[in-house]
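In: I would like the atomic coordinates for the input below:
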Amino acid sequence: MAERIELTFLGTGSAIPTARRNHPAMLLKYRSENILIDCGEGTQRQFRKAKLNPCKITKILISHWHGDHVFGLPGILNTLRLNGYNRKLEIYGPKGTNEWVRKYLDLVGMRGQDLDLKVVEVKSGVIFESEDFFIECAEMDHDCPAVGYSFVVKERSRLDREKLKKLKIPNSPLMGELALGKKVKIGGKVVDGKKLLYKEEARKVSFVMDTRMTKNAVSLAKGADLLVCEATYSAKEDGELLSERAHLSSVEAAGIGKKAKVKGLALIHLSQRYEGIPKVILKEAVEVFGDGVVVPEDLEKVVL
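Out: Residues are numbered from 1 along each chain as shown. Got it, this is the predicted structure:
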């Protein structure tokens, strides 16, 4: 069975939080990784409500440094310090991230040695890669430096645990040979590794936060299993606001998803005028994208 990607929507609102929708934040869990995407005000309490532990965060991806996406960061950093967080915390963000992190540390009276931080300013391309997955980003078109991100699990061959169990194959260093598809001798029997392998397909989750319509968003999200995209405004009711406020409408967000041929589309960052009637945003997006669009509520979770 493939390792699961779990995505929890900690906050799905926009600049002004409401009783129903908190400021933007999402937690992506994959194996030992717990990656926080944006960190709006109140994110710590959302962790508590979702019964998640912020001290397990391994990376923080900041889309841009507008307050509704980052005002929760000083509190998170202070909580990690107070709880003896003892791993290296990686923070990625667009131009200016180093300066903003320093300011936020000053804000809560933290010194450099209080947390082991790795701060990386990013612009485009692959920003992190491991054996199992990589993270890439692309510039967005907002009214400050901004980036979108994609989390991509690599296609790979894996040993079928159920077959190993049925054959009563013990855990041993020979597992590495089987994982390479080789034949090995175990308990007097020759076991063919190729017959125990299955292919785990690549999976991709993309995040496009505050931006105007841009081809970079389409390229970044291409082929994603899920695109999480801002849809601040209704195209029909708020069209004149889009160019002024550097945000996407429901129709533009759906257009990005359709052009990128994503499998699923989750719309967040709804303006407070639609937070109680998300069907307005949903209906417009479905007319463009078709089935597969959702407007998640705070604390909802999806598994891929």
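
In: those helices in this protein, which residues are they?
Out: 43-49, 67-70, 73-82, 97-107, 161-166, 175-179, 215-221, 235-238, 242-245, 250-260, 279-289 (DSSP state H).

In: using CSV, lay out these together with distance to Phe128 and mean pLDDT.
Out: Heads up, the C-betas are built off the backbone N, CA and C, glycines and all. Listed next are those as CSV, based on distance: least, C-beta to C-beta, whole Å; pLDDT from 0 to 100:
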stretch, distance to Phe128, mean pLDDT
helix 43-49, 21, 97
helix 67-70, 20, 97
helix 73-82, 19, 94
helix 97-107, 15, 94
helix 161-166, 27, 77
helix 175-179, 24, 74
helix 215-221, 15, 98
helix 235-238, 35, 78
helix 242-245, 31, 71
helix 250-260, 22, 97
helix 279-289, 29, 95
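
In: which of these sits most buried?
Out: Among the helices of the chain, helix 250-260 has the highest mean neighbour count (mean count of other C-beta atoms under 10 Å), at a mean of 24.

In: next, the distance between the ends of stretch 84-103.
Out: 21 Å (C-alpha to C-alpha, to the nearest Å).

In: now it, how far from the centre of its chain.
Out: Stretch 84-103 has its C-alpha centroid displaced from the chain centroid by 17 Å (C-alpha atoms, centre = their mean, to the nearest Å).

In: how about stretch 105-120?
Out: Worked out by C-alpha atoms, centre = their mean, stretch 105-120 lies 23 Å from the chain centre.

In: related to what we said a few turns ago, JSON lines please, covering the helices of the chain and showing distance to Asp114.
Out: Putting those into JSON lines (distance: least, C-beta to C-beta, whole Å) gives the following:
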{"stretch": "helix 43-49", "distance to Asp114": "17"}
{"stretch": "helix 67-70", "distance to Asp114": "19"}
{"stretch": "helix 73-82", "distance to Asp114": "5"}
{"stretch": "helix 97-107", "distance to Asp114": "8"}
{"stretch": "helix 161-166", "distance to Asp114": "41"}
{"stretch": "helix 175-179", "distance to Asp114": "40"}
{"stretch": "helix 215-221", "distance to Asp114": "34"}
{"stretch": "helix 235-238", "distance to Asp114": "43"}
{"stretch": "helix 242-245", "distance to Asp114": "37"}
{"stretch": "helix 250-260", "distance to Asp114": "39"}
{"stretch": "helix 279-289", "distance to Asp114": "41"}
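
In: and the ones you listed: which comes nearest Tyr198?
Out: Comparison of the helices of the chain against Tyr198 by C-beta to C-beta identifies helix 161-166 as nearest, at 8.8 Å.

In: thinking again about what came up before, so which of the helices of the chain gets nearest Ser271?
Out: In terms of C-beta to C-beta, the element of those nearest to Ser271 is helix 235-238, at 7.4 Å.

In: give me the contacts around that closest one.
Out: Ser249, Ser250, Val251, Glu252, Ser271, Val280, Glu284 (C-beta atoms under 8 Å, 6 or more residues apart in numbering).

In: skipping adjacent residues, who's closest to the fourth one in space?
Out: What that stands for is Glu252. Met213 (5.0 Å; C-beta to C-beta, 6 or more residues apart in numbering).

In: contacting residues for that neighbour?
Out: Neighbour list for Met213: Asp141, Leu248, Glu252, Gly255, Ile256 [criterion: C-beta under 8 Å, 6+ apart].

In: which pair of those spans the longest distance?
Out: Within the contacts of Met213, Asp141 and Gly255 form the most distant pair, 14.6 Å apart (C-beta to C-beta).

In: pull the contacting residues for Ser63.
Out: 37-38, 69, 93-94, 140, 146-149, 207, 209-210.

In: buried among those? Make that a PyMOL selection.
Out: To isolate the buried subset of these in PyMOL, counting by 16 or more other C-beta atoms under 10 Å, use the following:
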select buried, resi 37+38+69+93+94+140+146+147+148+149+207+209+210
